[in-house]
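**Q** All I have is the shape, not the residue letters:
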Ligand SMILES: Nc1nc2c(ncn2[C@@H]2O[C@H](COP(=O)(O)OP(=O)(O)O)[C@@H](O)[C@H]2O)c(=O)[nH]1
Ligand SMILES: [Mg+2]
């Protein structure tokens with residue numbers, strides 16, 4: 001699914017993409033180099049939507065080039081969702097011409113698009129003038145375009161831009177039959193896993209840290225930060241001890257994946273976290289602390305239903 005990120009250099013497009021789709025925090029993307037020309041990156045959003053993000057880097061000479069006879073069809077055709085991003089702390093009236101061309105070719109070459117999204121970024125900065133930018137970009141838009149464009153003031157630094165992009169992409173999931181089928185199937189497999197275990201199950205997508213689905217139905221949470229989970233000092237120490245013990249017993253061929261269940265204990269429940277495949281992490285939360293509930297979940301995580309989930313996720317890997 002082709003997603004277009006368009007707009008002047010320094011607006012925050014690459015930061016937005018990396019923080020949303022790879023779960024990076026803002027500090028990690030502070031020193032990005034300007035994107036030269038078109039950069040295309042593929043991600044699996046929320047574990048079910050295959051994205052090809054076209055990040056169109058933007059000094060004006062590049063942007064103009066995208067509108068040329070030889071390039072515009074390639075750039076603007078078959079687009080599923082398009083985002084135009086500007087830096088509200090650096091208002092530039094000249095961007096209006098670029099915006100006009102962007103709209104013109106977007107709706108010409110991808111006529112099935114019903115919304116284009118404008119993100120007025122960096123509202124965390126004191127000098128941000130998102131209202132002024134809004135005036136410049138919306139003034140005199142003719143009737144045909146005006147209800148097809150939605151403007152949102154955002155900040156990648158504070159997280160509202162990622163929130164908006166997630167909303168936009170979730171909307172695409174809702175419109176995509178294949179994604180919904182996949183989601184339904186995974187939900188069904190989680191329900192199978194749940195049977196008689198007195199626990200709830202949540203499945204997360206590792207790159208973006210977003211929930212794929214859960215036995216709770218709708219459940220909103222902030223994206224998880226797997227960086228912390230993966231390289232905790234405790235984790236790596238345990239792995240090396242485990243490896244030594246196994247070598248001692250002449251068991252070789254270990255991967256960190258083989259040591260993939262983590263158990264947390266609280267006053268009221270157990271939480272078990274297990275990697276299903278590379279890229280999907282399952283969390284089980286028990287509804288009680290009775291020992292038989294704990295062993296029931298362990299049974300589920302090592303039984304048929306877990307295996308079916310694993311096989312399904314593997315078979316539908318992109
Ligand atoms: N203060 C602030 N800075 C941001 C925000 N988003 C991006 N930046 C910074 O703006 C600069 C350009 O970002 P980048 O993603 O490379 O912009 P691009 O050229 O549109 O891809 C970087 O130094 C980012 O750290 C934001 O929401 N607030
Ligand atoms: Mg960039």
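**A** Okay, I see it. Everything quoted here is computed from the prediction, not taken from an experiment. Ligands and ions are numbered 1, 2, ... in the order given.
**Q** quick one: stretch 149-165 near ligand 2?
**A** No - Stretch 149-165 lies out of reach of ligand 2 by CB under 5 Å from the ion, never closer than 11.5 Å. (Glycine included, C-beta is placed from N, CA and C.)
**Q** Okay, now that stretch: how far is its last residue from its first?
**A** Length of stretch 149-165, first residue to last, CA to CA, to the nearest Å: 15 Å.
**Q** list the buried ones in that stretch?
**A** By neighbour count with 16 or more other CB atoms under 10 Å, stretch 149-165 contains the buried residues 149, 151-157, 159-165.
**Q** In helices, which of the residues you listed fall?
**A** Mapping the buried residues of stretch 149-165 onto helices (DSSP state H) picks out 160-165.
**Q** In this structure, where is pLDDT below threshold?
**A** Residues of the chain meeting the criterion pLDDT under 70: 217-218, 226-236, 254-260, 318.
**Q** Okay, helices next: where are they in the stretch 51-200 of the chain?
**A** Here the stretch 51-200 of the chain has its helices, by DSSP state H, counting those that start in this stretch, at 60-66, 72-76, 95-109, 130-138, 143-146, 160-175, 177-194.
**Q** quick one: the nearest residue to residue 176 once chain neighbours are set aside from ligand 1, how far?
**A** In space, and not counting its chain neighbours, residue 176 is closest to residue 49: 6.9 Å by CB to CB, 6 or more residues apart in numbering. From residue 49 over to ligand 1 the distance is 22 Å, taken as CB to the nearest ligand atom, to the nearest Å.
**Q** Distance of residue 181 relative to ligand 2?
**A** 34 Å (CB to the ion, to the nearest Å).
**Q** ok, the residue nearest to residue 176 - contacts?
**A** 1, 169, 172-173, 176, 179 (CB atoms under 8 Å, 6 or more residues apart in numbering).
**Q** and what of residue 304?
**A** With CB under 8 Å, 6+ apart, residue 304 has no contacts at all.
**Q** how far away is it from residue 286?
**A** When distance is defined by CB to CB, to the nearest Å, residue 304 is 20 Å away from residue 286.
**Q** re earlier: out of the helices of the stretch 51-200 of the chain, nearest to residue 28?
**A** Relative to residue 28, the nearest member of the helices of the stretch 51-200 of the chain by CB to CB is helix 160-175, separated by 13.3 Å.
**Q** now for the closest one, which elements pack on it?
**A** Where contact means 3 or more CB pairs under 8 Å, 6 or more residues apart in numbering; DSSP states H and E, helix 160-175 is packed against helix 13-21, strand 49-56, strand 79-87, strand 116-121, helix 177-194.
**Q** Distance to residue 221 added to those, as JSON lines?
**A** Formatted as JSON lines, the helices and strands packed on helix 160-175 follow (distance: least, CB to CB, whole Å):
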{"stretch": "helix 13-21", "distance to residue 221": "15"}
{"stretch": "strand 49-56", "distance to residue 221": "18"}
{"stretch": "strand 79-87", "distance to residue 221": "23"}
{"stretch": "strand 116-121", "distance to residue 221": "23"}
{"stretch": "helix 177-194", "distance to residue 221": "16"}
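**Q** any idea which of these is most buried?
**A** Among the helices and strands packed on helix 160-175, the stretch with the highest mean neighbour count (mean count of other CB atoms under 10 Å) is strand 116-121, at a mean of 26.
**Q** Spell out whether it and ligand 1 are in contact.
**A** Yes - judged by CB under 6 Å from any ligand atom, strand 116-121 and ligand 1 are in contact via residue 121.
**Q** Packing partners of that strand?
**A** Contact analysis of strand 116-121 by 3+ CB pairs under 8 Å, 6+ apart lists strand 79-87, helix 95-109, helix 130-138, strand 149-153, helix 160-175 as its packing neighbours.
**Q** now check it, is it near ligand 2?
**A** No - contact of strand 116-121 with ligand 2 (CB under 5 Å from the ion) is absent, the minimum separation being 12.1 Å.
**Q** Need the residues that contact that strand.
**A** Applying CB under 8 Å, 6+ apart, the set of residues contacting strand 116-121 is 11-12, 16, 81-88, 99, 102-103, 106-107, 130, 133-134, 137, 148-156, 161, 164, 168.
**Q** count of neighbours near residue 211?
**A** 20 (other CB atoms under 10 Å).
**Q** and residue 291, what are its phi and psi?
**A** phi -60, psi -40 (degrees, to the nearest 10).
**Q** got it, and the one 3 residues further on?
**A** Recorded main-chain torsions at residue 294 are phi -60, psi -50, according to degrees, to the nearest 10.
**Q** same question, residue 250
**A** phi 60, psi 30.
**Q** how much space between it and residue 142?
**A** Taking CB to CB, one finds residue 250 at 76 Å from residue 142.
**Q** got a list of what the residue in the stretch 101-250 of the chain that ligand 2 sits nearest to touches?
**A** Closest residue of the stretch 101-250 of the chain to ligand 2, CB to the ion: residue 156 (11.5 Å). Residue 156 is in contact with 12, 15-16, 19, 26, 121-122, 162, counting by CB under 8 Å, 6+ apart.
**Q** Okay then, goodbye and thanks.
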